[in-house]
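A.B. asks: only geometry, no sequence info:
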């Protein structure tokens, strides 16, 4: 399928915060409470439209356990966007955000857009982290923030699309050099105002994103 | 000069790794291993012209018998830790008719001193397939009268060593004489192939041995073309007699033109994959195509061989099966190639498909390797060598599986569109049926000891275990039970271990809610395990549904293990290992101890510093470098050498790549440690090799590769992967083993004073 751009996303955060469920909700619009825990990384993809342009999101869903941090770090390379997820019912997953962010800053592109997501907001009766705390953390670290629920689908669509919008704006503002794929952006066939690099990257993009 | 004498003499001279009764041997085909070929003439009887399709074999040098060792030692100096069998000292030249003059050679070229992999020529030539210029400058200088050169190409090169460090460059020609087409290859004068001076001298001495003066195309059975995306194109010429020339590498391109020229003069049929060109001998070409030869051809050949009772590997030769006289076995396998000629005109077995010939070649290569390993160590390693020998020749089930060693390619290649890069030459024994109850009982003495644990492991390696026996057999494979334990001892052990398990379990069972509040590590571990057991194999009926009791047992075992081995604790992936074990054992304590035994070997996979994983991925990288250098180079150039794309394969031993049932089979195969403790790494190599064409052809970068490998889940043909891995493991031999550092899981860890597992502050 043709697209104007392909964005690579990575979903990070402690184990069990709902990364895979968020991905599944976004790509398949369903919630599957019973699924295998993620070993290494899993992939998802979906087309969205921004500014009338088809944009493909290729999403990397990573394993959350601390032991696998060293391998997770290798996935940051070339990611244009990251969803940093915590579980609003488990305080420790919020406490670990700084460490995740540090990893991201260290191993990802400096221009990577990071969206902070407080997941499981449907379980507000078990809330251990307030909305304000999440908002505050995001503000301090320059992240976009949202609370979401993979179960009810609340804000899931918005989280991914808002991140894409931010990335798209960065392209429009010239912050991203789209001809450099290390930015996590590939230019596809359908690019209307074809800039340099489009031809070179289109075939590759087609090859990997079926 | 009786060739037999030379061959036999060489057997004794070849005290290290080499002796070659063969004529033409090749080695390189997309890597040093995957594609070995050795098609050998008879040495058990005096060679006569008809043995080699009208060509006269001539021993060129009376000292020929000493060559292999010299070259072998030179090769050792050049770069390999051990002598590699890929060096092919050729002692016998093929000559046509009366042509005896020294080779008409092109101008001498400057020595190519480099490894092929570093060679700029290599890269340049690799992209030069379309350059169709023919070097015709000296076409008119032919001394032979009445010939018409229709094709000529310079820099058509034989590689003597696997990296092309020893090469002989020459001129390939097609010419017409009296209406018949002939092929010739004449080496250039002067050194073109020096890696080290001593090696160069050896090559120089024998370069004439490679010369082909005038090979009638009517003697060519087929020509295999190989034009890889990367690397040099080459052809392999196989004669009607079954002899194969070493590959000719086209440094200046020209393969397409060669075939274009051939087509003008001889009848050629192209195989389905467009790479094999059958040159002659089709009585009814309209009704026969190569594809029609695939399966029936294989069977016919196997049967024909059995009838002839001369080719040992088909299983009809008892002395080789019993390993009593390996040299005899070698000789008899060789005699096949000579005697085959006699069946040329009427034997249906002559309808050889390329696969069959290629399998021949590997078999003989195996035979050679194993035989040489026997000669290498007559004392200590005899059992090992014999074992390998059996691997090649053993065919106890020959009545049932006449073509046991000849994998029916028809079934495998076309039916697997995903696996786009079949390994026609890599070859493993066909999978056996699982260990049955009767067989298992036969392994036990009256008191319940396993009498021949190696034979048991072999049986399990090749066929797995009937599911009803897994509960029993896995305990041995995992090391929980000793093979020489009796029924009574095992029963006693089970009781003791049950009590011990309960004691460890009570350590966390007794933690009160109040205590847990002050025990963060416990809370965290328990929380993690609680979260993971409900995400483990829930689609398997044994674990599905709400409030499944087995899920609770899974949790209890993992939590107990995290107390039993507090340093290691719990890590994701452990539940993947435990789930099938509990499913098989159906007993909490037994499952725990089996799991604990497994973790003795694989615990390092879950270490916080991931040292076990890094060790295995490094070893994997070394193995790919050994077994598929072009693929290794590709990974290197694309920054993929960390092999993280194989992380999941290695971490949980392919648990997520196959179905639950297949995983149980695969694991019991791996746990036998029959060919190697690290067989799973060879499995990784085998699968990567299967898909190398796509990986390289599609220019996958790290991200794409990772996604590609991930998506192979559920797509891999397990039996074939195991067979490929078996072949790779056997071929790699000690060189493979030396790629794997001591202590690499699942080898037992090397204990240090600081404990087995690296500790850090955090527990998660």
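C.D. replies: Noted; the coordinates are in hand. Since the model is a prediction, treat every value here as computed from it, not as a measurement.
A.B. asks: and chain A, which of its residues are near chain B?
C.D. replies: A:8, A:14-16, A:34-37, A:39-43, A:63, A:65-68, A:70-71, A:74-75, A:77-78, A:92, A:204, A:207-208 (Cβ under 8 Å from any Cβ of the partner chain). Every C-beta, even on glycine, is put in place using the N, C-alpha and C of the backbone.
A.B. asks: just the ones in strands from those residues, please.
C.D. replies: Counting by DSSP state E, the part of those found in strands is A:8, A:41-43.
A.B. asks: what's the farthest-apart pair in those?
C.D. replies: Farthest apart among those by Cβ to Cβ are A:8 and A:42. That separation is 14.0 Å.
A.B. asks: in chain A, where is pLDDT below threshold?
C.D. replies: A:1, A:189-210 (pLDDT under 70).
A.B. asks: give me the residue from the stretch 151-300 of chain B nearest chain A.
C.D. replies: residue B:229 (14.4 Å; Cβ to the nearest Cβ).
A.B. asks: just say helix, strand or coil for the nearest residue to residue B:603 once chain neighbours are set aside.
C.D. replies: Distances taken as Cβ to Cβ, 6 or more residues apart in numbering or on different chains put residue B:568 closest to residue B:603, at 5.3 Å, once the chain neighbours are dropped. What DSSP: H, G, I helix; E, B strand; the rest coil gives for residue B:568 is coil.
A.B. asks: right, and residue B:568 touches residue B:602 too?
C.D. replies: No. Using Cβ atoms under 8 Å, residue B:568 makes no contact with residue B:602, being 10.5 Å away.
A.B. asks: and residue B:149, what helix or strand is that in?
C.D. replies: strand B:147-159 (DSSP states H and E).
A.B. asks: may I see the buried residues of whichever helix or strand comes after that strand?
C.D. replies: Counting by DSSP H and E, the next helix or strand C-terminal to strand B:147-159 is strand B:167-177. Using 16 or more other Cβ atoms under 10 Å in any protein chain shown as the test for burial, strand B:167-177 gives B:167-175, B:177.
A.B. asks: how about CSV for the residues you listed, with distance to chain A and pLDDT added?
C.D. replies: Formatted as CSV, those follow (distance: Cβ to the nearest Cβ, whole Å; pLDDT from 0 to 100):
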residue, distance to chain A, pLDDT
B:167, 35, 77
B:168, 40, 81
B:169, 37, 85
B:170, 39, 88
B:171, 39, 91
B:172, 36, 93
B:173, 40, 92
B:174, 39, 92
B:175, 44, 91
B:177, 49, 86
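A.B. asks: in chain A, where's the longest helix?
C.D. replies: Ranked by residue count, the top helix of chain A under DSSP state H comes out as helix A:156-172.
A.B. asks: next SSE after the helix or strand containing residue A:11?
C.D. replies: Using DSSP H and E, the secondary-structure element containing residue A:11 is strand A:5-12. Next in sequence after strand A:5-12, counting helices and strands by DSSP H and E, comes helix A:19-28.
A.B. asks: and that following helix, what's buried?
C.D. replies: Neighbour count says helix A:19-28 has A:19-27 buried, by 16+ other Cβ under 10 Å.
A.B. asks: for the residues you listed, which one is nearest residue A:146?
C.D. replies: For the buried residues of helix A:19-28, the nearest to residue A:146 is residue A:22 (11.0 Å; Cβ to Cβ).
A.B. asks: sheet partners, orientation included, of the strand holding residue B:149?
C.D. replies: Here strand B:147-159 has these sheet partners by DSSP bridges: strand B:167-177 (antiparallel), strand B:248-250 (antiparallel).
A.B. asks: can you put those strands in JSON lines and add distance to residue B:716?
C.D. replies: Output for those, formatted as JSON lines (distance: least, Cβ to Cβ, whole Å):
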{"stretch": "strand B:167-177", "distance to residue B:716": "37"}
{"stretch": "strand B:248-250", "distance to residue B:716": "32"}
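A.B. asks: of all the ones you listed, which lies closest to residue B:651?
C.D. replies: Nearest of the strands paired with strand B:147-159 (Cβ to Cβ): strand B:248-250, 40.1 Å.
A.B. asks: ok, residue A:70 to residue B:611 distance?
C.D. replies: Using Cβ to Cβ, to the nearest Å, residue A:70 is found at 10 Å from residue B:611.
A.B. asks: same question but for residue B:159, I mixed them up
C.D. replies: 39 Å.
A.B. asks: please say which of those two ends up with more neighbours.
C.D. replies: Between residue B:159 and residue B:611, counted using other Cβ atoms under 10 Å in any protein chain shown, residue B:159 has the larger neighbour count: 24 against 17.
A.B. asks: quick one: that one and residue B:167 touch, right?
C.D. replies: Yes. Residue B:159 lies in contact with residue B:167 (Cβ under 8 Å); the separation is 5.4 Å.
A.B. asks: what do the two both touch?
C.D. replies: Residues touching both residue B:159 and residue B:167 (Cβ atoms under 8 Å, 6 or more residues apart in numbering or on different chains): residue B:249.
A.B. asks: quick one, the longest helix of chain A and strand A:5-12 angle?
C.D. replies: 130 degrees (axes from the mean of the first three to the mean of the last three Cα atoms, to 10 degrees).
A.B. asks: report the angle between helix A:156-172 and helix A:19-28.
C.D. replies: 80 degrees.
A.B. asks: in terms of secondary structure, what does helix A:156-172 contact?
C.D. replies: Secondary-structure packing of helix A:156-172 (3 or more Cβ pairs under 8 Å, 6 or more residues apart in numbering or on different chains; DSSP states H and E): strand A:5-12, helix A:19-28, strand A:41-50, strand A:53-62, strand A:81-87, strand A:113-119, strand A:144-147.
A.B. asks: now the farthest one out in chain A, which residue is it?
C.D. replies: Ranking residues of chain A by C-alpha distance from their mean position (Cα atoms, centre = their mean) puts residue A:125 at the top, at 26.9 Å.
A.B. asks: measure it to chain B for me?
C.D. replies: 19 Å (Cβ to the nearest Cβ, to the nearest Å).
A.B. asks: wait, a helix at that residue?
C.D. replies: Yes. Counting by three-state DSSP, residue A:125 is part of a helix.
A.B. asks: count of residues packed around residue B:512?
C.D. replies: Neighbour tally, residue B:512, other Cβ under 10 Å: 8.
A.B. asks: next SSE downstream of the longest helix of chain A?
C.D. replies: Next along the chain from helix A:156-172, counting by DSSP H and E, comes strand A:185-187.
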